[in-house]
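**Student:** need the 3D shape of this:
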Amino acid sequence: MDKAIKKQVLRLFTYGLHIVMCQDQDEVNAFTANWLTQVSFEPPLLALSIEHNAKSHTMVSHSKKFTINVLHAGQRDLAGTLGKSALRTPDKLAGIPYTITDTGYPVLQTALGWVACEVHQSIPVGDSTLFIAEVVAAGMLSEGKPLTMAEAGFRHAG
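**Tutor:** All right, here's what the predicted structure looks like:
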């Protein structure tokens, strides 16, 4: 296989750009994610891939829950800030407004909307884990168009 062609084709895939937030005990973390998708209508299930070495991987593995926040088109800078490693930038959430729901799900206040997810299954896949989770709550915060990888100009290695 030609690795350059593989990378070129994989970069053609379309992705949204979201902020995944998690809380484990009193600690909250957030990261920018694009490897997620809905996989079932009933029950409403989503799949999210998190790299093994990410701080949130341990937090989600332990708490069994996370929130997906849909960013507005134009929130590229926020996606970049929260895309930094929490291990290298532990204070990346400083000054970013979020709330915690009554059931312990962090919600980004500037998002278009959010879904709270409860992990049902986790599957090791390559350098990541695929978490299959049920949507247990949702909320709309404002109207607008969602941020995409294409708009942000971010590119993963493929």
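**Student:** where does D77 land in three-state SS?
**Tutor:** Classification of D77 by DSSP: H, G, I helix; E, B strand; the rest coil places it in helix.
**Student:** also C22?
**Tutor:** C22 - assigned by three-state DSSP - is strand.
**Student:** over to S61?
**Tutor:** Relying on three-state DSSP, one would call S61 helix.
**Student:** which residues does it contact?
**Tutor:** Residues in contact with S61 (CB atoms under 8 Å, 6 or more residues apart in numbering) are S122, T129. All C-beta atoms are positioned from the backbone trio N, CA, C, and that covers glycine.
**Student:** any idea how far F131 is from it?
**Tutor:** Applying CB to CB, to the nearest Å, the value for S61 to F131 is 8 Å.
**Student:** cool, L17 as well?
**Tutor:** 18 Å.
**Student:** what sits closest to the spatially most central residue of the chain if chain neighbours are left out?
**Tutor:** Centroid-nearest residue in the chain: V20, 3.1 Å away (criterion: CA atoms, centre = their mean). With sequence-adjacent residues excluded and distances taken as CB to CB, 6 or more residues apart in numbering, V20 is closest to A33, at 4.7 Å.
**Student:** what does Q75 give?
**Tutor:** L147 (5.4 Å).
**Student:** can you give me the neighbour number for the one you found?
**Tutor:** A count of nearby residues for L147, using other CB atoms under 10 Å, gives 26.
**Student:** pretty sure it sits against A73.
**Tutor:** Yes. The criterion here is CB atoms under 8 Å, and L147 meets it with A73 at 5.2 Å.
**Student:** now do the contacts for the residue nearest to V20.
**Tutor:** Going by CB under 8 Å, 6+ apart, A33 touches L17, H18, I19, V20, L48, S49, I50, I68.
**Student:** closest one to V136 out of those, please.
**Tutor:** Relative to V136, the closest of these is I68; by CB to CB it sits at 11.9 Å.
**Student:** so what's the closest one up against?
**Tutor:** Contacts of I68 by CB under 8 Å, 6+ apart are H18, I19, V20, A33, L36, L46, L48, W114, V115, C117.
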